[in-house]
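Colleague: Just to be clear, the model below is a prediction. Sequence and coordinates:
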Amino acid sequence: MIRINENYMLLQASYLFSTIARKISEFQEKNPDAEIIRLGIGDTTRALPDACIKAFHRAVDEMAQDATFRGYGPEQGYPFLREKIAAHDYRDRGMDISADEIFISDGAKCDTGNFQEILSPDIRVAVPDPVYPVYVDTNVMAGRTGGYKNGRYENLVYLECTEKNNFIPSLPEEPVDLIYLCFPNNPTGAAITREELAKWVDYAEQNRALILYDAAYEAFIRDETLPKSIYEIKGARKVAVEFKSFSKTAGFTGTRCAYTVVPRECSAWDENGKPHPLHALWNRRHCTKFNGVSYPVQRAAEAVYTNKGQKQVAAIIAGYMKNADRIRQEVDELRLPYAGGLHSPYIWIKTCGNSWEFFDMLLEKARVVCTPGEGFGSCGKAFIRLSAFNDYKSVDTAMRRFSAAVKHGG
Ligand code: MLT
């Protein structure tokens, strides 16, 4: 008799963004003329930078000739891209990361979800609350949690991010082995300082723990003193793996390209207390389960690092941040407490009521989609998240409608 992985029975019925997509389709079906504005899922809306498109086209043309055609590429990514990343995102910013420590992949979602596979099923895992649901669900699938009770899984350590701590979690009070951190944060938009991040690196060093650091939104940081990478912190090479993505930075959400940094010094231990480099284990997994990102996509990503690419990416980000400023302006005027939007495309807004009810109200009255905070964890119950990924005109219209709905019915 073929049996299922029973851990899947512990999961909530549907992935957060699938539930929201279903609710939107149902609403649209009932209200075919409603012009819905989506500030829900963090999906980019602006075209790929021209430099990337040109490189993409050139690479596609290479695939059309036998002489320049490419079949399987290196699973870890082409050296041309790994070297550019190491130089621009790390060495030029004073960090010691080499090209062979970078693994190109098709998304930070997949990598943050998959990385736990190379770690023991027995480890104790800490996640922020609220949290990007992928970190939690993949650990549930792996059997590291108990059942789901009152909005939380048993055996997970939740690091609360609330107004009281400015959405920066405190160190865990009980020992943990694996810690997920994401800054600028999804969903709260909070950014961490070097001093705060250094406390986590110290904790990991002292407790032989590992930090999985999701920096997918680093390009939105506007204050140069805030860390864009965990490797800006001394000692992080030993205790942290970092995930970055071209999705939000350069509009690759549909094109798919990201990378994971696994420094050579970063280890985990076996049952006899012998250390094993995570680089070798991740490489083993990656080569077994992944055949690399397509050649044209890697060429398109490489073009991000040209002068033109850098300027075009900066203009795209500035456009989204103008939207974030518009959202903050309206929320300020409404005097709703909020976080984020300064170094992040996400604005985390306190609505007082239940966040799913607010979601329904906003869709019904304003035809605007938000993300209910409860979908990110129990600390998000009274919050909603607005995303700045849209065009300015739509964001402006959405915020006028948002205001009217909050004033008259929220
Ligand atoms: C989000 O809206 O939280 C993100 O788009 C999710 C993701 O990047 O997978």
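Modeller: Arrived safely.

Colleague: Contacts only, for the residue nearest to residue 359 when sequence neighbours are not counted.
Modeller: Spatial nearest neighbour of residue 359, excluding adjacent residues (CB to CB, 6 or more residues apart in numbering): residue 372 at 4.3 Å. All C-beta spots, glycine's among them, are computed from the backbone N, C-alpha and C. The contact partners of residue 372, by CB atoms under 8 Å, 6 or more residues apart in numbering, come to 20, 355-356, 358-359, 380, 384.

Colleague: Is residue 171 in contact with residue 202, as I believe?
Modeller: No. Counting by CB atoms under 8 Å, residue 171 does not reach residue 202; the two are 9.0 Å apart.

Colleague: is it true that residue 126 lies in a strand?
Modeller: Yes. Counting by DSSP: H, G, I helix; E, B strand; the rest coil, residue 126 is part of a strand.

Colleague: burial of the residue in the chain positioned nearest to the ligand, as a residue count?
Modeller: Taking CB to the nearest ligand atom, the ligand has its nearest neighbour within the chain at residue 42, 3.3 Å off. When neighbours are defined as other CB atoms under 10 Å, residue 42 has 23 of them.

Colleague: tell me which residues form a beta bridge with the residue nearest to it when sequence neighbours are not counted?
Modeller: Among residues not flanking residue 42 along the chain, residue 387 sits closest, at 4.8 Å (CB to CB, 6+ apart). In this entry, residue 387 is beta-bridged to residue 346, by DSSP bridges.

Colleague: Could I get the full set of helices for the stretch 51-200 of the chain?
Modeller: Counting by DSSP state H, counting those that start in this stretch, the stretch 51-200 of the chain has these helices, from start to end: 79-85, 108-114, 133-141, 194-207.

Colleague: was I right about the residue of the chain closest to the ligand contacting residue 346?
Modeller: Yes. Using CB under 8 Å, residue 42 makes contact with residue 346 at a distance of 6.8 Å.

Colleague: Which neighbours do these two have in common?
Modeller: Residues within reach of residue 42 and of residue 346 at once, by CB under 8 Å, 6+ apart, are 186, 387.

Colleague: mind putting the helices of the stretch 51-200 of the chain in CSV, mean pLDDT included?
Modeller: As requested, the helices of the stretch 51-200 of the chain are exported to CSV (pLDDT from 0 to 100):
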stretch, mean pLDDT
helix 79-85, 98
helix 108-114, 98
helix 133-141, 97
helix 194-207, 98
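
Colleague: got the residues of the protein near the ligand?
Modeller: By CB under 6 Å from any ligand atom, the residues of the chain that approach the ligand are 41-43, 109, 186.

Colleague: Mind giving me the PyMOL command for buried ones among these?
Modeller: To isolate the buried members of those in PyMOL, using 16 or more other CB atoms under 10 Å:
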select buried, resi 41+42+109+186
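
Colleague: Pick out whichever of the residues of the chain next to the ligand sits closest to residue 285.
Modeller: Nearest to residue 285, judged by CB to CB, of the residues of the chain next to the ligand is residue 109 at 16.3 Å.

Colleague: Any idea which residue is closest to the centre of the protein?
Modeller: Nearest to the mean C-alpha position of the chain, by CA atoms, centre = their mean, lies residue 216 at 4.9 Å.

Colleague: Give me the phi and psi angles of that residue.
Modeller: Dihedral angles of residue 216 (phi, psi; degrees, to the nearest 10) stand at phi -60, psi -20.

Colleague: Okay, and which of the contacts of residue 372 map to helices?
Modeller: Judged by DSSP state H, the subset of these located in helices is 20, 355-356, 358-359.

Colleague: Quick check: the farthest pair among those?
Modeller: Maximum pairwise distance in those, criterion CB to CB, is 12.9 Å, between 20 and 358.

Colleague: what about the residue of the chain closest to the ligand, which SS state?
Modeller: Under three-state DSSP, the three-state class of residue 42 is coil.

Colleague: Could I get the pLDDT score of it?
Modeller: pLDDT, the model's per-residue confidence, is 92 for residue 42.

Colleague: Below-threshold pLDDT in the protein: ranges please.
Modeller: Regions of the chain meeting the criterion pLDDT under 70 cover residues 409-410.

Colleague: domain parsing for it?
Modeller: 6-47+308-405, 52-306 (automatic domain parsing).

Colleague: centre of the chain versus the last one, how much separation?
Modeller: Taking CA atoms, centre = their mean, to the nearest Å, one finds domain 52-306 lying 9 Å from the centre of the chain it belongs to.

Colleague: in the stretch 101-250 of the chain, which spans are strands?
Modeller: 102-105, 125-129, 148-149, 152-153, 156-160, 178-182, 210-214, 240-245 (DSSP state E, counting those that start in this stretch).

Colleague: Please produce a markdown table containing these, extended by mean neighbour count.
Modeller: Shown next, in a markdown table, are the strands of the stretch 101-250 of the chain (neighbours: other CB atoms under 10 Å):
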| stretch | mean neighbour count |
| --- | --- |
| strand 102-105 | 24 |
| strand 125-129 | 24 |
| strand 148-149 | 11 |
| strand 152-153 | 20 |
| strand 156-160 | 19 |
| strand 178-182 | 24 |
| strand 210-214 | 24 |
| strand 240-245 | 25 |
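
Colleague: Put together CSV for these, with distance to residue 366 on each row.
Modeller: Listed next are the strands of the stretch 101-250 of the chain as CSV, based on distance: least, CB to CB, whole Å:
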stretch, distance to residue 366
strand 102-105, 37
strand 125-129, 28
strand 148-149, 31
strand 152-153, 31
strand 156-160, 30
strand 178-182, 28
strand 210-214, 31
strand 240-245, 30
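
Colleague: Residue 160 and residue 131, how far apart?
Modeller: When distances are taken as CB to CB, to the nearest Å, residue 160 and residue 131 turn out to be 11 Å apart.

Colleague: Straight-line length of stretch 127-139, end to end?
Modeller: End-to-end distance for stretch 127-139: 10 Å, by CA to CA, to the nearest Å.

Colleague: now stretch 376-390
Modeller: Stretch 376-390 stretches 22 Å from its first residue to its last (CA to CA).

Colleague: How far does it sit from its chain's centre?
Modeller: 14 Å.

Colleague: Could you do stretch 5-18 as well?
Modeller: Centroid separation between stretch 5-18 and its chain, computed with CA atoms, centre = their mean, is 20 Å.

Colleague: got the contact list for it?
Modeller: With CB under 8 Å, 6+ apart as the test, stretch 5-18 has contacts from 19, 22, 40-41, 133, 137, 140-143, 145-148, 153, 371, 375-376.

Colleague: buried sites along that stretch?
Modeller: For stretch 5-18, the neighbour count (16+ other CB under 10 Å) marks 10-11, 16 as buried.
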